[in-house]
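In: show me the folded form of this:
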Amino acid sequence: MNNRDSIKQRFGIIGNSDLLNQAVDIAVQVAPTEVTVLINGENGTGKDVFSKIIHQLSLRKHKTFIAINCGAIPEGTIDSELFGHEKGSFTSAYESRKGYFEEANGGTIFLDEIAEMPLPTQSRLLRVLENGEFIRVGSSKIQKTDVRIVAATNKNLVEAIRDNKFREDLYFRLNTVTIYVPPLRERKEDIEILFRYFAVQFAEKYSKKPIRLTPSTLQILQKYHWPGNVRELRNFVEKITVLIQKEHLIEEDLYQYLPFTENSLPIINQLPVTFQNTTYQPNNGSLETEIILKALIEIKREIQEVKNQIFELSLKSENLEGNNNGNSFQKIYNDNRINELPMLDESLSLEKKEKDMIVRALNKYKSNRKKAAAELGISERTLYRKIKQYDLEQL
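Out: Model prediction:
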């Protein structure tokens, strides 16, 4: 077992994707130093675990580690919580109290959801980062502290700076080293092992057999957007362990227990698409882009079908008339066949194209909505909504 694997085992990190391994490697590298670290990642990705790696592998590991959720502390009390206060400094200040920066002297403070910190508190934090000084609320006495700060956010701090919600100078002080913790949809290869791990864990907890995946259900889980990331997957596995009375997970269970929404639909298409000599790579975070790309592929296929029909009709006509120019028509058709998809007329209705695709899928599977949804790459719930939207209930 190499050092990275032993670190992941020690801190309960499951998975082996490249982005995840890169995050672990950076955390291990910066841990023995004193640099400030900013951890970026969506909710549920496990940013707090990386703060613990940094503390436990540092020279401060025997000192205090305090994790603070900046978004959970009311704006009126956050200064007191972080920096302490003097007796009588506000209505309920019946006695003096140390703040977290005083309590954690010599150790590490993890500031989660740093983007939620009020601007006045950001100014106080900047002073701590620059010279290790702070002042209790209601006091004028400057105090010193030796604390390493690790911060985390699920927000875009550059946008917050533009919106005057985050200090630019504080951002540059925090952003000495950045660790990016990838969302689950960017580490799809880890979904199966995470599912099996949680399935065994909850099977033991509830005295049941671990639920297993089929190839089709694994494929759906890998296409699902996972807005809640690993936390959502863990909760999902616990839910089905309790509620499902069978050994294997089937597709119907996924549509029943996973909250498929417009923002968490399975990805329609992951392959780059060539259009007008330009390659488009679908953006996993943009459902609209994926739908448009799928529509473009469908349009290109239909244009090819029309060409085929025209060619066949022309051949029949030439044969009936005794015309021997079929070979020249074949050559023209083959030359045109390799052309790229022409630019679409601006008046082309994507809504009509979407409706036509839904109608064809429903007709193909004789109104079996589950199979039609799978064919279209969307959830059954979305298909039901589209059927109502386009008045297709009769199909």
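
In: how about the strands in the chain?
Out: Per DSSP state E, the chain carries strands over the ranges 37-40, 65-69, 108-112, 133-135, 142-144, 148-153, 177-180, 273-275, 278-280.

In: separation between the nearest residue to residue 128 once chain neighbours are set aside and residue 58?
Out: Nearest in space to residue 128, with sequence neighbours left out and distances taken as Cβ to Cβ, 6 or more residues apart in numbering, is residue 134 at 5.4 Å. Using the backbone N, CA and C atoms, a C-beta is placed for each residue, glycine as well. In this view, residue 134 and residue 58 are 21 Å apart by Cβ to Cβ, to the nearest Å.

In: re earlier: who is the residue nearest to residue 128 paired with across the strands?
Out: The residues paired with residue 134 through beta bridges, assigned by DSSP bridges, are residue 143.

In: from here on, call the first residue 661.
Out: Understood, numbering begins at 661; the last thing we discussed is residue 794.

In: what about it, neighbour count?
Out: Residue 794 has 22 neighbours, counted by other Cβ atoms under 10 Å.

In: hang on, isn't it packed against residue 805?
Out: Yes - between residue 794 and residue 805 there is a contact at 6.3 Å, judged by Cβ atoms under 8 Å.

In: overlap of the contact sets of those two?
Out: With contacts taken as Cβ atoms under 8 Å, 6 or more residues apart in numbering, residue 794 and residue 805 have 761-762, 788 as neighbours in common.

In: most surrounded residue in these?
Out: If you rank the shared contacts of residue 794 and residue 805 by neighbour count (other Cβ under 10 Å), residue 761 sits at the top with 26 neighbours.

In: so who does that residue touch?
Out: With contacts taken as Cβ under 8 Å, 6+ apart, residue 761 has the following neighbours: 742-744, 769, 788, 794, 805, 807.

In: where is pLDDT lowest across these?
Out: Minimum pLDDT across the contacts of residue 761 is recorded for residue 744, with 89.

In: distance check, that residue against residue 760.
Out: Counting by Cβ to Cβ, the gap between residue 744 and residue 760 amounts to 8 Å.

In: what's the neighbour count on residue 779?
Out: Applying other Cβ under 10 Å, we find 12 residues neighbouring residue 779.

In: what's near enough to touch the closest residue to it other than its chain neighbours?
Out: Using Cβ to Cβ, 6+ apart and skipping residues adjacent in sequence, the residue nearest residue 779 is residue 827, 6.8 Å away. With contacts defined as Cβ under 8 Å, 6+ apart, the neighbours of residue 827 are 779, 782-783, 786, 821.

In: in terms of neighbours, single out the busier of residue 744 and residue 760.
Out: It is residue 744, of residue 744 and residue 760, that has more neighbours when counted by other Cβ under 10 Å, with 23 against 19.

In: now, which of the contacts of residue 761 sits nearest residue 910?
Out: Using Cβ to Cβ, residue 769 comes nearest to residue 910 of these, at 46.8 Å.

In: mind listing the residues bridging to the closest one?
Out: Note on residue 769: beta-bridge partners by DSSP bridges are residue 726, residue 809.

In: for it, give its distance to residue 782.
Out: Using Cβ to Cβ, which is the criterion applied here, residue 769 is 15 Å from residue 782.

In: between the two, which one's more packed in?
Out: Taking neighbours as other Cβ under 10 Å, residue 769 and residue 782 compare with residue 769 leading, 24 against 19.

In: who touches the more buried one in this structure?
Out: For residue 769, counting by Cβ under 8 Å, 6+ apart, the contacting residues are 725-726, 728, 760-761, 807-810.

In: now with 6 Å, please.
Out: Neighbour list for residue 769: 726, 807, 809 [criterion: Cβ atoms under 6 Å, 6 or more residues apart in numbering].

In: if anything else comes up later, I'll come back, but that's it for now.
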